[in-house]
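Undergrad: Sequence first, predicted coordinates after that:
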Amino acid sequence: MNLLAPAVGESLIAEATVIRSGRTLTVCRLEAFTLEAGRRVHVATGRQTLIRLADTPDHQV
């Protein structure tokens with residue numbers, strides 16, 4: 001995640017897009033904006049890679 005500007009404004013909008021979803025890896029793009037005086041200000045961006053672990057419980061006991 002890269003912080004690009006202070007998140008100052010009336011509201012915060014976060015958007016995420018799956019770039020590629022494969023059998024094991026999923027790559028996503030993340031963007032965050034604020035609404036400040038009626039205009040969108042880009043405040044953060046990032047990429048995330050998720051890995052699928054087959055036959056693994058989602059929690060630890």
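TA: Perfect, thanks for sending it.
Undergrad: Can you tell me how far Asp54 is from Leu4?
TA: Careful, residue 54 is Ala and not Asp. Using CB to CB, to the nearest Å, one obtains 37 Å as the distance from Ala54 to Leu4. Every C-beta, even on glycine, is put in place using the N, C-alpha and C of the backbone.
Undergrad: When the two are compared, which one has more neighbours?
TA: Legend: neighbour count by other CB atoms under 10 Å for Ala54 and Leu4, higher for Leu4 (12 against 6).
Undergrad: Please verify my assumption that the more buried one contacts Phe33.
TA: No. In this structure, Leu4 is not within contact of Phe33 by CB atoms under 8 Å, at 10.0 Å.
Undergrad: and for these two, which residues touch both?
TA: Listed as contacting both Leu4 and Phe33 by CB atoms under 8 Å, 6 or more residues apart in numbering are 42-43.
Undergrad: Would you agree Cys28 is in contact with Val18?
TA: Yes. Contact status for Cys28 versus Val18: in contact at 5.4 Å, counting by CB under 8 Å.
Undergrad: Between the two, which is the more surrounded one?
TA: Neighbour count, other CB under 10 Å: between Cys28 and Val18, Cys28 has more, with 15 against 11.
Undergrad: ok, and what's touching the helix or strand Arg29 falls within?
TA: Taking DSSP states H and E as the criterion, Arg29 maps to strand 25-36. Defining contact as CB under 8 Å, 6+ apart, one finds that strand 25-36 is touched by 1, 7-20, 40-52.
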